[in-house]
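Trainee: structure of the sequence below:
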Amino acid sequence: MIGQFVKSDYCMNHCRLCCRFSQPQSVWSPALLDSEIRELTCQGVPPSAITADKKIRLIPLGEDRQDLPLHVGAIFACPFLGKDDNKCKIYPRRPLECQLYPFLINSRDKKVYLSADPGCPYVKESLGGEEFKKYSQGLYQLLSRTDFLKAVKDNPQIVQVYEDALDLFELKHAA
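Mentor: Residues are numbered from 1 along each chain as shown. Just a heads-up that it's a prediction; the model follows:
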């Protein structure tokens, strides 16, 4: 499991953007590795919770939630997000993309990058700082391992096109 970059108390108290989306189909909805799909279905998650393009199927939460300070309009959420406590129901087994966030596996110009989501308030605050540099470099080293690069090649669905992402490092041999 990859250690989380953003501190949980920060997420819970400052933005709570993670796991919530403005559209029912979103590039930001986590894509799943084939092994993660098998694991989730073996644990009783119905196949209908996974889309044909191997993403988590989002569920509607409603409109303009006052308890979600940075959201306006319709909101769709990951079905594994606890409605009462805002905690992930599958946190110890959460998908790779969830473990990585606010870092992303991004495709740009036929290359694959480790990128960061500049829309994440914690990224905005820490960008350029020592903690951000150290974490992103360590993550790059982890993601550059042969086993990860093979997983990317075997699961192209986890490489998304995030137009506004901040590209940090090229993941060579992942394309």
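Trainee: so which residues of this protein form helices?
Mentor: In the chain, the segments counted as helices under DSSP state H are 8-10, 34-42, 96-100, 121-126, 130-143, 146-154.
Trainee: helices or strands next to the longest one in the packing?
Mentor: Yep, that's helix 130-143 we're talking about. Under the contact criterion of 3 or more CB pairs under 8 Å, 6 or more residues apart in numbering; DSSP states H and E, helix 130-143 touches strand 103-108, strand 111-116, strand 166-170. Every C-beta, even on glycine, is put in place using the N, C-alpha and C of the backbone.
Trainee: most tightly surrounded among those?
Mentor: strand 111-116 (a mean of 22; mean count of other CB atoms under 10 Å).
Trainee: okay, now the sheet partners of that strand, with direction.
Mentor: Strand 111-116 pairs in its sheet with strand 103-108 (antiparallel), strand 166-170 (antiparallel), by DSSP bridges.
Trainee: show me how far the last one is from its chain's centre.
Mentor: Read that as strand 166-170. Taking CA atoms, centre = their mean, to the nearest Å, one finds strand 166-170 lying 16 Å from the centre of the chain it belongs to.
Trainee: ok and it relative to helix 130-143, angle-wise?
Mentor: 40 degrees (axes from the mean of the first three to the mean of the last three CA atoms, to 10 degrees).
Trainee: try the longest one
Mentor: Between the axis of strand 103-108 and that of helix 130-143 there is an angle of 70 degrees, by the same axes, to 10 degrees.
Trainee: got the angle between strand 103-108 and helix 146-154?
Mentor: Computed by the same axes, to 10 degrees, the angle between strand 103-108 and helix 146-154 is 50 degrees.
Trainee: low pLDDT regions in the chain?
Mentor: Along the chain, the model assigns pLDDT under 70 to residues 14-16, 62-74, 175.
Trainee: for Asp154, find the nearest of the strands paired with strand 111-116.
Mentor: Among the strands paired with strand 111-116, strand 103-108 comes nearest to Asp154, with 13.3 Å by CB to CB.
Trainee: would you mind pulling the contact partners of the closest one?
Mentor: With contact meaning CB atoms under 8 Å, 6 or more residues apart in numbering, strand 103-108 is reached by 5, 97, 112-117, 136, 139, 143, 152, 158-162, 165, 167-168, 171, 174-175.
Trainee: which of the strands paired with strand 111-116 sits closest to Phe148?
Mentor: From the strands paired with strand 111-116, taking CB to CB, the stretch that ends up closest is strand 103-108, at 9.6 Å.
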